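# Got a predicted structure plus its sequence, pasted below:
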Amino acid sequence: MKILVVDDERDVQPLFEQRFRREIKSQEFELKFVLSGEEAIEYLQNSGFHDKLILSDINMPGMSGLELLDKIQKSSTPPPPVVMMISAYGDEDNINTAKKLGANDFLTKPLDFNMLREKIKSLSA
Amino acid sequence: MRKLIIISTLVILQQSGFTQNIHNHKTYRDSLKSQLFVADNDSTLVQILNSLAESYWISEYDSGIFYARNGLLIARKSNYQAGEVNSLLTLSLVSSVIGDVVKGYEYSSMAIKLSEELKNERLLSKSYSVYGEALSSAGKYRESIAAIKQALNFKSKDQFQLMTNCAQLADCYTKLNLTDSANFFADITDKAMNPSGNNPPYPLRMVANMHRRLGNKAEAISYYRKAKSASVYYDDDVSLSHTYLDMSRFYSEINRDSTFHYAELAIKSAKKSRSIVLVIKSSEYLSNLYAPINKQIALNYAVESNAARDSLKYILQDQSINSFNDFDQKLRELEIQQTENELRSKIRQNTFLGSTFTLLVIAFALWRNNRIKQKGKKRVEKAYDKLKTAQQKLIHAEKMASLGEITAGIAHEIQNPLNFVNNFSDLNDELLDELRETLRQGDHKEAEQLIHDLSENEKKIIHHGRRAEEIVKSMLLHSRTGPSEKEETDINALADECLSLSYHGIRAKDDQFRSNFELISDPTLPKIQVIRQDIGRVLLNLINNAFYAAMEKAKTEGTEFKPHIKVVTRSGQNEIILSVSDNGTGIPQNIIDKIFQPFFTTKAAGEGTGLGLSMSYDIVTKGHGGSIEVQSEEGKGTSFIFKLPITN
């Protein structure tokens, strides 16, 4: 399972890599990290929108996670890729906007990695 | 002896303020009415009439007006100016309460003018309070706040008035939705209360409302109960009705039955008090409350509210009150008569003295002119001192308001590092278990890797813990009061911190708002000696304004417009140059010269104090010997550039 993680916090990378070290070792998960919405779009345009799960933070300088989600939905050929939104703003407005824009799930920080692992595995099953 | 008793009663009354009713109205009023017949001079008569007016005005408007206007006429006739002020104040209060806001404003303005002439600080303070009440009734809450703060400036105010004024301020700020400031003044109200109890209902209710807003349910209900008991103690059905209405609103989120129960009690007390305005208010509230569940009852209350509205109109048109106009005419006639008398007397005097005294008259006129000038100068100096004090208070309020605005931003900023601290700590716990297992298996290479990861994670925990600590420190620095000292400061780090705080503060208020923002910092910038929290405040003000301008433009331009805020730092010749730029609405050329003036704001009422830029200007120029300038093009954007000298 290829997973693209979009978050402007650099320490998200070591955190995810250590949390999912077993899955990475067994090549069950293949993680790619970018620091902004703009970088994410560039990466997806080069590598293709499909065959990967996108995990994106909402609150980022520049292109926000919600804008990124909108762009992904508009740029990719149907069916759009699976997108999970992550944010500290766990409020109804953001959840509703994300759902309206086509997000498949919504996670609130601090992340429960066991739950995230389950969710990812159920998507790839 | 009897006269002494009357005057003592009156002194207590006058000092007790306006909203405080007297225990057992009927006995008290009867006693005053009987004293009317034995008053042996005009001043005592005016005082009794004013006391009667004060005991009636809040509910029985027509009686209040009747006694106050008679008090005013006698006071004018006998040249008893302090009595005149009190009559005018009661007339102002009653006019405001029945919705005649123009009269409320006019009467209190006249009272201020007279009190100034009398140089009576107690009356001045009282007059500004009532003036504030009139402005508040007209919905001019910001102006009301300024007037009440003016009332607070006078030293002669007593604890009761301090408490009432702060409660009024809390009320106004609540209506402006500035909850931080409302809570701030409600808190002062609370502290000014008499600890042994016996406090009046209005301040108690304001403190209860503060606790309601803060979510302190137990305290809120305790204060509502105290306000209720005080209303009963003072036999004040008006306050009782207000308290029941607030209690009903409080219970609307908790207990449906209590919501209805207290709303019913509110209208019952309103009717008992004979306050038509309150009957309208509570029947409208009940009508809205019943609308979703019982249309018939809702309709009944709507009918009741309309009937009360009609009777208020009737009162306003009624001859007894409509004679406000005749009454004003009488006042004018009295003024004309007095002026004529003075003129006649002067003519007689001049004839008697003859032309030989002309020189003396001129000399007197010159001396008088000089004296007026001296007096005027003193008055200007005094007004200036008062203005300075008011300004200091407003600057503090501005500081507290801006702290409130950035709190939401800080909460978000602090959450991210704390998430990392928690996540890496959990992870290390897991890795330690794994390390034990690996060592048992004798896999030293894997163990080395795990120890390395543990150590790296530990560093990250320390890093993010310190990041959170820095944010808390910067918040504390921002809220610090009193003299501050210059310290060596990394301007790049400060700019980064302020940019982030401002953005998250705005996002916390409007999470749909998006904006690009960037910091272009000069890495060679030396650390400089500045008052850190002051320069931080300048940066926050300028960045908040920049986001506001961009946000305003986004409202009209739609999604095509991309807001962009840029903060740049660079080194100049023996100075550091900072600029804050936006691509927002820009500043029109006709107002660009005024933006650094105190109280100048283009923001809507309640959104800006008009002190941010003037404070920034003072901090940069007076506080740090720097300079600040603005470049702006309407519709295109604005740049603020400020320079700080590098000093040792």
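Noted; the coordinates are in hand. Numbers count the residues shown, from 1 in each chain, chains lettered A, B, ... in the order given.
# Next to chain B in this structure, residues from chain A, please.
Contact residues (CB under 8 Å from any CB of the partner chain) of chain A with chain B: A:9, A:11, A:14-15, A:18-19, A:59, A:61-62, A:64, A:67, A:88-89, A:91, A:93-94, A:97, A:109-111, A:113. Backbone N, C-alpha and C define where each C-beta goes, glycine included.
# what about the residue in chain B positioned nearest to chain A, neighbour count?
Nearest residue of chain B to chain A, counting by CB to the nearest CB: B:N419, 4.2 Å away. B:N419: 19 surrounding residues under other CB atoms under 10 Å in any protein chain shown.
# Please apply the same query to B:E575.
Counted with other CB under 10 Å, the neighbours of B:E575 add up to 17.
# likewise B:E106?
17.
# how close does B:Q441 get to B:L435?
11 Å (CB to CB, to the nearest Å).
# Now for these two: what residues contact both?
Jointly contacting B:Q441 and B:L435 under the rule CB atoms under 8 Å, 6 or more residues apart in numbering or on different chains is no residue at all.
# Please report the distance of B:R76 from B:L32.
21 Å.
# ditto for B:S579
From B:S579 to B:L32 the distance is 68 Å (CB to CB).
# Alpha carbons of stretch B:73-80, in PDB - could you do that?
Extracted in PDB, the C-alpha atoms of stretch B:73-80 (Å, rounded to 0.1, in the frame of the first residue of the first chain):
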ATOM      1  CA  LEU B  73     -38.600  73.700  37.700                       C
ATOM      2  CA  ILE B  74     -38.200  74.500  41.400                       C
ATOM      3  CA  ALA B  75     -34.500  73.900  41.300                       C
ATOM      4  CA  ARG B  76     -34.100  76.300  38.300                       C
ATOM      5  CA  LYS B  77     -36.200  78.900  39.900                       C
ATOM      6  CA  SER B  78     -34.300  78.800  43.200                       C
ATOM      7  CA  ASN B  79     -30.900  78.500  41.400                       C
ATOM      8  CA  TYR B  80     -30.200  75.200  43.200                       C
END
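# How far off centre is that stretch?
36 Å (CA atoms, centre = their mean, to the nearest Å).
# Now do the buried residues in that stretch.
For stretch B:73-80, burial by neighbour count (16 or more other CB atoms under 10 Å in any protein chain shown) applies to B:73-76, B:80.
# in stretch B:576-592, what's buried?
Using 16+ other CB under 10 Å as the test for burial, stretch B:576-592 gives B:576-587.
# can you give me the helices in the stretch 1-150 of chain B?
Secondary structure of the stretch 1-150 of chain B (DSSP state H, counting those that start in this stretch): helices at B:2-15, B:25-36, B:42-56, B:61-77, B:81-97, B:101-118, B:121-137, B:141-152.
# Report the mean confidence score over the helix or strand that A:K121 is a member of.
Using DSSP states H and E, A:K121 sits in helix A:113-124. Across helix A:113-124, the average pLDDT comes to 87.
# cool, and stretch B:459-468?
88.
# so what's B:I221 up against?
Per CB under 8 Å, 6+ apart, neighbours of B:I221: B:208, B:247, B:250.
# Mark out where each domain of chain B begins and ends.
Following automatic domain parsing, one gets these domains for chain B: B:1-14+B:23-155, B:358-482, B:487-648.
# Centre of the chain to the last one, how far?
When you say that, I think you mean domain B:487-648. 26 Å.
# And for stretch B:266-276?
29 Å.
# do stretch B:69-79 as well
Taking mean C-alpha positions (CA atoms, centre = their mean), stretch B:69-79 and its chain are 35 Å apart.
# circling back to that earlier point, what comes into contact with the helix holding A:K121?
In contact with helix A:113-124 (CB under 8 Å, 6+ apart) are residues A:1, A:3, A:19-20, A:23, A:29, A:53, A:82, A:84, A:104-105, A:107, B:423.
# from these, which ones fall inside strands?
A:3, A:53, A:82, A:84, A:105, A:107 (DSSP state E).
# Now tabulate those in TSV and tack on pLDDT.
Listed next are the ones in strands among the contacts of helix A:113-124 as TSV, based on pLDDT from 0 to 100:
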residue	pLDDT
A:I3	95
A:L53	93
A:V82	92
A:M84	93
A:D105	89
A:L107	87
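# List the residues that contact the closest residue to B:D510 other than its chain neighbours.
Using CB to CB, 6 or more residues apart in numbering or on different chains and skipping the chain neighbours, the partner closest in space to B:D510 is B:M551 (7.2 Å). B:M551 makes contact with B:506, B:510, B:513, B:515, B:563, B:584, according to CB under 8 Å, 6+ apart.
# Is the residue of chain B closest to chain A within a helix or a strand, and which one?
With DSSP H and E as criterion, B:N419 is part of helix B:358-441.
# again, but for B:I535
helix B:532-557.
# thinking B:C498 is in contact with B:I535, fair?
No: in terms of CB atoms under 8 Å, B:C498 does not count as a neighbour of B:I535; the distance is 9.1 Å.
# Student question: in chain A, what's the helix or strand with minimum average pLDDT?
helix A:92-100 (a mean of 81; mean pLDDT, DSSP states H and E).
# one step back: mind checking the pLDDT average for the helix holding B:N419?
The average pLDDT for helix B:358-441 rounds to 74.
# What of stretch B:623-631?
When pLDDT is averaged along stretch B:623-631, the result is 91.
# Over to stretch B:38-57?
83.
# what does stretch B:193-207 contact?
The contact list for stretch B:193-207 (CB under 8 Å, 6+ apart) reads B:17, B:19-20, B:159-160, B:163-164, B:166-167, B:170-171, B:186-187, B:189-190, B:192, B:223-224, B:226-228, B:230-231, B:233-234, B:236, B:239-240, B:242-243, B:246.
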